[in-house]
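Trainee: any chance you could fold what I've pasted below:
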Amino acid sequence: MTSGLATEAITALQVFRNVILEGPPGTGKSFSVAAIADAWPRMLGLDADGRLADGSGHWAITFHPSTGYEEFVEGIRYNPKGSPKGFELLPGVFREWVREARSQPDRDFLVLIDEINRANVSAVLGDLLLGLEASKRFTHDSSCTKSDTDHADCWSGGAATQLAYSNEILGVPDNLYILGTMNSSDRSIAPLDSALRRRFAFLHVDPLVGEDLKDRLGVALPAVGAEVISRSVDALDQLNVALRFALGPDSTLGHSYLFELDPRVPGLTGYWMEVRNTTGAGGGATQVQLPKKEWVDLLLTAIAASVSADQLDNGVNVVPVEVEYLGHLYTQVKLCRPGNYRLDTLDEGGGRLPVQTLNDGVMVLSPLGVRRLRLEYTPFSGAKDSVLKSFDDRSFYTGRSTADASGRSFGAFRSTESGRGDGGERIVWRYSILPQLIDTVTQAFVPELLDSGHREAWVLSSNLPDEVQAKVREGFAEFERFLNGQLGLQIVKTGFGLTSGLSIDEYIPAALTTVDAQSGADEDTTDERAND
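Mentor: Numbering: from 1, shown residues only. Here you go, the predicted model:
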């Protein structure tokens, strides 16, 4: 939670005594109480065990569909500590909160009700609804020195409630503050009624975006590479732009998932390509022709997420990179497109990458950071078929260039080497963000938004203004480039009719199952190496 939102929440709590933080899933609503407690202007109270009442443990509850009045306020429940054990009338957590707050009038008590709209809130609160209102709270007489928490002269001026089971009179003290959270995109839950909404202030919590989120992730996850953070944040931002314009702000996804990125998870990606004998190119070769555009896009997604292969040229739009090879760092290297896609090495103080020696084997480029690569080379040494098969067998993406008659193999694989977060990035998206995304569009009854084959028809039929249509198309296109290219995943439609749905599957480019037709860079049939 930002400091500005914490301040706003505290101000609203002091006025209304009851606040609900509402927003999309993953915006950190459940953890925001810690930031509010840290900034609280008065001393926070202690629970019965002497712990700070900061919304954790004794002072927090998560509502769910089975939560009832008997659990929250009072009711007949089984008491395993009774003598004898059995059912008896027991106070609920709210009565415990009230008792502690009344016993320490010089302190404030901040309590958290997480997922408040998961329960039937009107039934859970029952006859307490009136007493929760800020104007109906009991205030403490500062001149009173009696220790009896129920003494009438200590607390007065509010609306008391006679409880249904015990017939006791209960008044809510004004030093008890209730902070609730609710997921605004969950459409499987009945909306809160107007009587409840009148007694709570609602603050909308939006996802963190852009540089602010990148900075926070960089501080929280120093071992995760900056390029991993940058591309995931950019992808989430693009996705949220598309969701916001298509479905509204409550359908966006929160940022908290990205704080689970783990650099220890194996999954460093290697992009490999077959290289040829370059005798005809001469010893001054400085350029390596790269294979198909899709392969170049995969590589760019990993080291320069904001650049696509289509944007490359040989002038302004080039991508400078640093390459580690055999213990030396080559700093004057660029990805460019003078006609075909090339890795071009220049000798301007960084040394010239010796591409002329890489003449009959497999070259592997592994991303090590933003615009930084590690180069490895495996010679065929007379065993071309077996070497290529070893790379094919462990690749999630393979293909063959048709730049000349014999073709040239290429692909990408994931190693068991821990990187800077590549493997953890895929896990977080695969098992946290994408399922939430599918759930969001399914609840909105528009699964076709995630199906590229049907999305365009929905966009055109939804009466969206032209500028909104463009943002939806662009946002989903950039997100899918990251999803397919960097994560190797795709969202596919499964089943038919009423049984249809969306699932997450491995992304299989067309090049995996067919010999690539000539396109893009492959139409340039020049030799793989070129002289200065």
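Trainee: distance of Leu290 from Gly485?
Mentor: Leu290 sits 15 Å away from Gly485, going by Cβ to Cβ, to the nearest Å. C-beta coordinates here come from the backbone N, C-alpha and C atoms, glycine included.
Trainee: same question for Arg420.
Mentor: From Arg420 to Gly485 the distance is 17 Å (Cβ to Cβ).
Trainee: those two - which one has more neighbours?
Mentor: Gly485 (24 against 21; other Cβ atoms under 10 Å).
Trainee: neighbours around the closest residue to the more buried one other than its chain neighbours, how many?
Mentor: Residue nearest to Gly485 in three dimensions, not counting chain neighbours: Thr301, with 4.1 Å by Cβ to Cβ, 6 or more residues apart in numbering. Residues lying near Thr301 (other Cβ under 10 Å) number 25.
Trainee: the one 5 residues further on too?
Mentor: Applying other Cβ under 10 Å, we find 12 residues neighbouring Ser306.
Trainee: is it in a helix, a strand, or coil?
Mentor: With DSSP: H, G, I helix; E, B strand; the rest coil as the basis, Ser306 sits in coil.
Trainee: one step back: show me what the helix or strand hosting the residue nearest to Gly485 is packed against.
Mentor: Using DSSP states H and E, Thr301 falls within helix 293-303. Using 3 or more Cβ pairs under 8 Å, 6 or more residues apart in numbering; DSSP states H and E, the elements in contact with helix 293-303 are helix 226-247, strand 269-275, strand 319-325, strand 328-336, strand 361-369, strand 395-401, strand 408-414, helix 466-485.
Trainee: those into a markdown table, with extra columns for distance to Leu434?
Mentor: Listed next are the helices and strands packed on helix 293-303 as a markdown table, based on distance: least, Cβ to Cβ, whole Å:
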| stretch | distance to Leu434 |
| --- | --- |
| helix 226-247 | 10 |
| strand 269-275 | 18 |
| strand 319-325 | 28 |
| strand 328-336 | 29 |
| strand 361-369 | 22 |
| strand 395-401 | 17 |
| strand 408-414 | 18 |
| helix 466-485 | 8 |
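Trainee: got the contact list for the nearest residue to Ser308 once chain neighbours are set aside?
Mentor: Leaving out its chain neighbours, the residue that sits closest to Ser308 by Cβ to Cβ, 6+ apart is Asp297, at 6.1 Å. Contact partners of Asp297, counting by Cβ atoms under 8 Å, 6 or more residues apart in numbering, are 308-309, 481, 485.
Trainee: so where is the chain shaky, pLDDT-wise?
Mentor: Within the chain, the stretches with pLDDT under 70 are 1-3, 46-58, 145-153, 186-192, 277-285, 347-351, 402-406, 418-419, 508-532.
Trainee: how is it divided into domains?
Mentor: 3-204, 210-263+421-509, 269-419+514-530 (automatic domain parsing).
Trainee: show me the beta-bridge partners of Ile61.
Mentor: Assessed by DSSP bridges, Ile61 has beta-bridge partners Ile113.
Trainee: again, but for Leu373
Mentor: Beta-bridge pairing for Leu373 (DSSP bridges): Val323, Pro367.
Trainee: what's the neighbour count on it?
Mentor: Using other Cβ under 10 Å, Leu373 is surrounded by 23 other residues.
Trainee: surely it meets Ser366?
Mentor: Yes: contact criterion Cβ atoms under 8 Å: Leu373 and Ser366 qualify, at 6.6 Å.
Trainee: the helices in the stretch 151-300 of the chain, which residues?
Mentor: For the stretch 151-300 of the chain, applying DSSP state H, counting those that start in this stretch gives helices covering 194-197, 210-220, 226-247, 293-303.
Trainee: using PDB, write out every CA atom in the shortest one.
Mentor: Which is helix 194-197. Presented in PDB, the C-alpha positions along helix 194-197 are these (Å, rounded to 0.1, in the frame of the first residue of the first chain):
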ATOM      1  CA  SER A 194     -27.300  -0.400   1.000                       C
ATOM      2  CA  ALA A 195     -27.800  -0.400   4.800                       C
ATOM      3  CA  LEU A 196     -24.300  -1.900   5.200                       C
ATOM      4  CA  ARG A 197     -22.800   0.400   2.600                       C
END
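Trainee: how about Pro84, secondary structure?
Mentor: What three-state DSSP gives for Pro84 is coil.
Trainee: and the gap between it and Pro447?
Mentor: In terms of Cβ to Cβ, Pro84 sits 55 Å off from Pro447.
Trainee: of the two, which one has the most company?
Mentor: Per other Cβ under 10 Å, whichever of Pro84 and Pro447 has more neighbours is Pro447, with 18 against 5.
Trainee: correct me if wrong: that one contacts Thr440.
Mentor: No: the pair Pro447 / Thr440 is not scored as a contact, 10.2 Å apart, by Cβ under 8 Å.
Trainee: circling back: I'd like to know which of the helices of the stretch 151-300 of the chain lies nearest to Leu343.
Mentor: For these, the distance to Leu343 is smallest for helix 293-303, at 9.6 Å, taking Cβ to Cβ.
Trainee: residues in contact with the residue nearest to Ile433 when sequence neighbours are not counted?
Mentor: Spatial nearest neighbour of Ile433, chain neighbours left out: Tyr257 (5.0 Å); criterion: Cβ to Cβ, 6+ apart. Counting by Cβ under 8 Å, 6+ apart, Tyr257 touches 26, 428, 432-433, 436.
Trainee: nearest residue to the middle of this structure?
Mentor: Taking Cα atoms, centre = their mean, the centroid of the chain lies closest to Tyr257, which sits 3.6 Å from it.
Trainee: pull the number of nearby residues for Met43.
Mentor: Around Met43 there are 11 residues (other Cβ under 10 Å).
Trainee: that one contacts Asp108, correct?
Mentor: Yes: the pair Met43 / Asp108 is scored as a contact, 7.0 Å apart, by Cβ under 8 Å.
Trainee: wait, is Ser386 part of a helix?
Mentor: Yes: the assignment for Ser386 by three-state DSSP puts it in a helix.
Trainee: Phe413 and Asp393 touch, don't they?
Mentor: No: counting by Cβ under 8 Å, Phe413 does not reach Asp393; the two are 9.1 Å apart.
Trainee: what about the helices in the stretch 401-532 of the chain?
Mentor: Using DSSP H, counting those that start in this stretch, helices in the stretch 401-532 of the chain cover 422-428, 434-443, 452-461, 466-485.
Trainee: go through those and pick out the most buried.
Mentor: helix 422-428 (a mean of 23; mean count of other Cβ atoms under 10 Å).
Trainee: packing partners for that helix?
Mentor: Contact here means 3+ Cβ pairs under 8 Å, 6+ apart; on that basis helix 422-428 packs against helix 226-247.
Trainee: and the helix it packs on, which residues are buried?
Mentor: Using 16 or more other Cβ atoms under 10 Å as the test for burial, helix 226-247 gives 227-247.
Trainee: now do it: which elements does it pack against?
Mentor: Using 3+ Cβ pairs under 8 Å, 6+ apart, helix 226-247 sits against helix 210-220, helix 293-303, strand 361-369, helix 422-428, helix 434-443, helix 466-485.
Trainee: ok, and what's touching the fourth one?
Mentor: It refers to helix 422-428. Contacts of helix 422-428 (Cβ under 8 Å, 6+ apart): 224-225, 228, 232, 257-258, 260-269, 302, 367, 414, 486-489.
Trainee: thanks a lot, catch you later.
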